[in-house]
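Visitor: Predicted model and sequence follow; I will ask about them next.
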Amino acid sequence: MPIARCNSQIPVPLPSPVPTGRGSRSAANEIFSEFLEKTLQLPELTLPGPQLPPAPAEVDLWSLPRASANLLLRSAKEFGAFRIRCHGISGNELGTVADEAERVFRDSEHDVVERDGVGAEMISCVRSNKGALEFTAHKNLGDETHRNFWVHMGNVASRMDSIVEQVTLALQKDSKSEEFKERIQETESMICLCRYPHDNAPKQNEGVSDKKNDSLKDHALRFYLPLEHCIFYIQTERGPLSFDAGPENIVVTVGKQLEEWSRGVFKCVPGEMIFMPSIQGSDASFSIELTCSTSLNLNQSLKVSEKIISLTDQILIVFSLAFLCKFLYFIFS
């Protein structure tokens, strides 16, 4: 019987081709292409933006004391300061005050008081007590030369007094202390015209001395309205901090009294404006500053002891004198 032999020459079918990823019919085409797209595509890189130093918050006046109260409170607690924009004091008012300021200082030598440690001079202009405004430097009210100045200064003072009221309401928002609310409501305000001679600029850059700290912190709040752009400097617990300031913003700093009334919730900081000499070659820069303090401290610090006449009465006196002068001129001409 024949033995069956195994023929090694019998052809064996070849394996199916391995997909190479070439061609649109390849099984690996879609998967491999997706893999390549993911691995070869560089991730999108963005450069970090400039890291701006922290600064006190800017609060819109129209949103006080409700919408922006929390922002104001956080800034007062963290920095001891905040800024108010859209304050509603027109550029024309401030421009008139700035144009007349040098002459007012020159003609009011007896009303000028030097501020210790700041290198500035000031004239106490308007005092506010529970909404009643009174001029305190009325020597030149009847002078036709400065009539414009005092009229515009009265308008600015009235507006700033309204701002103080809104700020104090915002500061009371999260306070449960009746003593704190009572004390802050009993404060009075003094609005001053301040002159900063440019020859004192190098001294200002040296920083805030201990003597200056004491003189600047003897109040509850201080409102700064520079009549030109400057660098505002404050000394916080974390170190010195500076930022731009100008007529478009009112800078408010917390004083020692407010820190004590709030038991350290609001931080007291000294503030300072650093003006640079302008290209016009003026000898000094000017600002309007409001000090909010208790009645006793306000009288002692600003040395106001003379009898004062209400703001409304004094404005009427100005216009009456002007009318009288014109009437007499008409009669005798």
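Guide: Perfect, I can see it now.

Visitor: okay, CA-based contacts and neighbour counts for the rest of this
Guide: Will do.

Visitor: Okay, now the unreliable bits of the stretch 151-300 of the chain?
Guide: 200-217, 278-281, 295-300 (pLDDT under 70).

Visitor: Help me confirm that Ser189 comes into contact with Glu289.
Guide: No - applying Cα atoms under 8 Å, one finds Ser189 not in contact with Glu289, separated by 10.1 Å.

Visitor: higher neighbour count, those two?
Guide: Ser189 (27 against 23; other Cα atoms under 10 Å).

Visitor: Residues in a beta bridge with that one, which ones?
Guide: Ser128, Cys292 (DSSP bridges).

Visitor: residues contacting it?
Guide: 127-129, 161, 290-293, 298 (Cα atoms under 8 Å, 6 or more residues apart in numbering).

Visitor: doesn't Tyr224 fall inside a helix?
Guide: No - counting by DSSP: H, G, I helix; E, B strand; the rest coil, Tyr224 falls outside a helix, being strand.

Visitor: Pretty sure it sits against Ser287.
Guide: Yes - Tyr224 is within contact range of Ser287, at 7.1 Å (criterion: Cα under 8 Å).

Visitor: higher neighbour count, the two?
Guide: Tyr224 (26 against 23).

Visitor: Next, the contact list for Gly271, please.
Guide: Here Gly271 is in contact with 216, 232-235, 253 (Cα under 8 Å, 6+ apart).

Visitor: Now with 6 Å, please.
Guide: Gly271 sits next to 233-234 when contact means Cα atoms under 6 Å, 6 or more residues apart in numbering.

Visitor: partners of it in the sheet?
Guide: Ile234.

Visitor: Distance of it relative to Glu165?
Guide: For Gly271, the distance to Glu165 equals 21 Å [Cα to Cα, to the nearest Å].

Visitor: among the contacts of Ser189, who's most crowded?
Guide: Result: Cys292 is most packed of the contacts of Ser189 (other Cα under 10 Å), 28 neighbours.

Visitor: So it is in contact with Leu221, correct?
Guide: Yes - contact criterion Cα atoms under 6 Å: Cys292 and Leu221 qualify, at 5.0 Å.

Visitor: which parts of the longest helix seen in the chain are buried?
Guide: Longest helix in the chain, counting residues (DSSP state H): helix 147-171. Residues of helix 147-171 classed as buried under the neighbour-count rule (16 or more other Cα atoms under 10 Å) are 147-154, 156-158, 160-161, 163-164, 166-171.

Visitor: Give the buried residues for the next helix or strand after it.
Guide: Next along the chain after helix 147-171, taking DSSP states H and E as the criterion, comes helix 178-185. Using 16+ other Cα under 10 Å as the test for burial, helix 178-185 gives 180-181, 184.

Visitor: can you dump the C-alpha coordinates of helix 178-185 into PDB?
Guide: Extracted in PDB, the C-alpha atoms of helix 178-185 (Å, rounded to 0.1, in the frame of the first residue of the first chain):
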ATOM      1  CA  GLU A 178     -23.300 101.600  68.100                       C
ATOM      2  CA  GLU A 179     -20.400 103.500  69.600                       C
ATOM      3  CA  PHE A 180     -18.500 103.400  66.300                       C
ATOM      4  CA  LYS A 181     -21.600 104.800  64.400                       C
ATOM      5  CA  GLU A 182     -22.200 107.400  67.000                       C
ATOM      6  CA  ARG A 183     -18.600 108.700  67.000                       C
ATOM      7  CA  ILE A 184     -18.300 108.900  63.200                       C
ATOM      8  CA  GLN A 185     -21.600 110.800  63.000                       C
END
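
Visitor: what's the angle from that helix to helix 147-171?
Guide: Angle, helix 178-185 to helix 147-171, by axes from the mean of the first three to the mean of the last three Cα atoms, to 10 degrees: 170 degrees.

Visitor: packing partners for helix 178-185?
Guide: With contacts defined as 3 or more Cα pairs under 6 Å, 6 or more residues apart in numbering; DSSP states H and E, helix 178-185 has no helix or strand neighbours.

Visitor: Cool, thanks, signing off.
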